[in-house]
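A.B. asks: Just a sequence and a predicted model for now, questions to come.
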Amino acid sequence: MVDANNQLSGNKGIHRTLLNRKNVAVVVPGMLALCCVILCPCFYWKRKETTTVVLAKDPDSVGSLTTRKSKSATKKTPGSPLREKPNPRFSSPPRLTKVGSIHINLDQVVKITRNFSPSMVIGEGEFGTVYKAQLEDGRFIAIKRANKEHFERVKALLSSEADLLAKIDHRCLVKLLGYLDEGSECLIMTEYISNGTLREHLDGIRNGILEFKNRLEIAIDVAHGLTYLHIYSEKQIIHRDVNSSNILLTDSMRAKVADFGFATLGTTSDSDKSHVSTKVKGTLGYIDPVYMKTLQLTTKSDVYSFGILLLEIITGRRPLEQNKSDHERVTLRWLFKKFDEGNVEELVDPMMKEVVDREILVRIFILAFQCAAPEWSERPDMKIVGEQLWAIRMDYLNTVK
């Protein structure tokens, strides 16, 4: 190495001398070639020696370098701002006896429900009974218990519901907290929503009357929840049972879509199918007629149900009014006839004393009728529905001011 350096120094002196001569153009190429022959092996040997030294001092240096490169190479594309951040707690199906923030066994469930006491019941459904219970840390939860009648079938449905709930996390959808399958018991634990169902409020069972602003914001919340299921969830989900009894309200009058017992996965993005084929499930009056006729289900079936729900929110009337005369029994048909006649103000829920601008009402009814259109192609997507409702809300607030 010393001889090489001496050789390099001598070459530098020769190079300076030659540059001052008139015949530099002839000599320089020869000298450059000589330098390359001497310098290149030297630098190669030096680089090889340096690498060897680094590896000897830091055996992990290659691994660390690889990690840094891979991080910069795998930079993630930012997600949609409309999508809720995925919850790491729900990364796998809830097949264990604990999920999320609830770590509880059957003995503890029996204790906090007072052995499933009727006094703790807050709801009854086709799949079973829902209980309100309080955990040791003071939190209240809702526990859905599988009905003993046809237990295996109901258990399969509750398991499917838990699997779907584990895939979603959105403020307008009820959160899954736990799932327990032990012996002859199958239980789903969700967050407890304290202010009852939308239908109870429309019936006046709960304190106070829903004012127009509250009704509009509830509709927007439901639209946002369904938009998340249809577009932004990990996999497309069709609720299949959107109705006023499955919309729960918080103390601040925010809406959460609940009861995913009939929910099913929709088509995947790489599928060439436009629908899924399945047996008809849902609540009479809200079921998409195309789905009933063809057994073909799409997100537009949820849109239809939402259209019926929106009419219910504004008018206070159920989709099917059994106590009405024949020409008024089917609310959608009766509403469309009245609307066509121009009697818009008469369609508003009489329990709501507030006078709402006629143009605002017309826009809401038109949007609801579009959602409940006879054909899929005539119905808007839920995202568009939510955007239109938001625009109506802004204009309504301006009229109030």
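C.D. replies: Happy to help now that I have it. Numbering: from 1, shown residues only.

A.B. asks: right, and the helix or strand after the lowest-mean-pLDDT helix or strand in the chain?
C.D. replies: Scoring the helices and strands of the chain by mean pLDDT, DSSP states H and E places helix 61-73 at the bottom, with a mean of 32. Helices and strands here follow DSSP states H and E; after helix 61-73, the next one along the chain is helix 106-112.

A.B. asks: Give me the buried positions along that next one.
C.D. replies: 109, 112 (16 or more other Cβ atoms under 10 Å). C-beta: built from backbone N, CA, C; applies to glycine.

A.B. asks: Not counting sequence-adjacent ones, nearest residue to residue 349?
C.D. replies: In this structure, residue 349 finds its nearest non-sequential neighbour in residue 316, 3.3 Å apart by Cβ to Cβ, 6 or more residues apart in numbering.

A.B. asks: can you give me the helices in the stretch 101-250 of the chain?
C.D. replies: Per DSSP state H, counting those that start in this stretch, the stretch 101-250 of the chain carries helices over the ranges 106-112, 151-165, 198-202, 212-227.

A.B. asks: The second one: how far from the chain's middle?
C.D. replies: Helix 151-165 sits 20 Å away from the centroid of its parent chain (Cα atoms, centre = their mean, to the nearest Å).

A.B. asks: just for the stretch 151-300 of the chain, where's the confidence low?
C.D. replies: Under the criterion pLDDT under 70, the flagged ranges of the stretch 151-300 of the chain are 268-275.

A.B. asks: all strands of it, in order?
C.D. replies: If DSSP state E, counting those that start in this stretch is used as the criterion, the strands of the stretch 151-300 of the chain fall at 176-182, 185-191, 237-238, 247-249, 255-257, 264-265, 276-277, 296-297.

A.B. asks: returning to that earlier point: the residue nearest to residue 349: what's it in contact with?
C.D. replies: If you count contacts by Cβ atoms under 8 Å, 6 or more residues apart in numbering, residue 316 has them with 202, 349, 350, 351, 352.

A.B. asks: could you flag which of those residues are buried?
C.D. replies: So, of the contacts of residue 316, 202, 349, 352 end up buried under the neighbour-count rule (16+ other Cβ under 10 Å).

A.B. asks: out of those, who's nearest residue 247?
C.D. replies: Ranked by distance to residue 247 (Cβ to Cβ), those are led by residue 202 at 10.1 Å.

A.B. asks: May I ask you to confirm that the closest one is in contact with residue 312?
C.D. replies: Yes: using Cβ atoms under 8 Å, residue 202 makes contact with residue 312 at a distance of 7.0 Å.

A.B. asks: picking up where we left off before, please identify which of the helices of the stretch 101-250 of the chain is closest to residue 138.
C.D. replies: With distances scored as Cβ to Cβ, the stretch of the helices of the stretch 101-250 of the chain nearest to residue 138 is helix 106-112 (11.7 Å).

A.B. asks: Flag the shaky bits of the stretch 1-150 of the chain, pLDDT-wise.
C.D. replies: Per-residue confidence of the stretch 1-150 of the chain (counting by pLDDT under 70) places the weak regions at 1-102.

A.B. asks: ok, 90 please
C.D. replies: Low-confidence segments of the stretch 1-150 of the chain, defined by pLDDT under 90: 1-105, 123-128, 136-139, 146-150.

A.B. asks: just to revisit the earlier point, pull up the overlap in contacts between residue 202 and residue 312.
C.D. replies: With contacts taken as Cβ under 8 Å, 6+ apart, the residues that reach both residue 202 and residue 312 are residue 244.

A.B. asks: what sits against residue 338?
C.D. replies: Remark: with contacts taken as Cβ under 8 Å, 6+ apart, residue 338 is in contact with 344, 346, 347.

A.B. asks: give me the element it is part of.
C.D. replies: Counting by DSSP H and E, the element that carries residue 338 is helix 331-340.

A.B. asks: in that helix, what's buried?
C.D. replies: Neighbour-count burial for helix 331-340 flags 331, 332, 334, 335, 336, 338, 339 (criterion: 16+ other Cβ under 10 Å).

A.B. asks: same check, this time on stretch 199-213
C.D. replies: Within stretch 199-213, the residues that count as buried by 16+ other Cβ under 10 Å are 199, 201, 202, 206, 210, 212.

A.B. asks: same check, this time on stretch 214-229
C.D. replies: 214-229.

A.B. asks: export that stretch as CSV, just CAs?
C.D. replies: In CSV, the C-alpha atoms belonging to stretch 214-229 read as follows (Å, rounded to 0.1, in the frame of the first residue of the first chain):
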residue,chain,number,x,y,z
ASN,A,214,-82.7,16.2,14.8
ARG,A,215,-84.5,14.1,12.2
LEU,A,216,-82.3,15.5,9.4
GLU,A,217,-79.1,14.8,11.4
ILE,A,218,-80.3,11.3,12.2
ALA,A,219,-80.9,10.6,8.5
ILE,A,220,-77.4,11.9,7.7
ASP,A,221,-75.8,9.7,10.3
VAL,A,222,-77.5,6.6,8.9
ALA,A,223,-76.5,7.6,5.4
HIS,A,224,-72.9,7.9,6.6
GLY,A,225,-73.0,4.5,8.3
LEU,A,226,-74.4,2.8,5.2
THR,A,227,-71.9,4.6,2.9
TYR,A,228,-69.0,3.2,5.1
LEU,A,229,-70.5,-0.4,4.8
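
A.B. asks: Check the offset of that stretch from the chain's centre.
C.D. replies: Going by Cα atoms, centre = their mean, the spacing between the C-alpha centre of stretch 214-229 and its chain's C-alpha centre is 13 Å.
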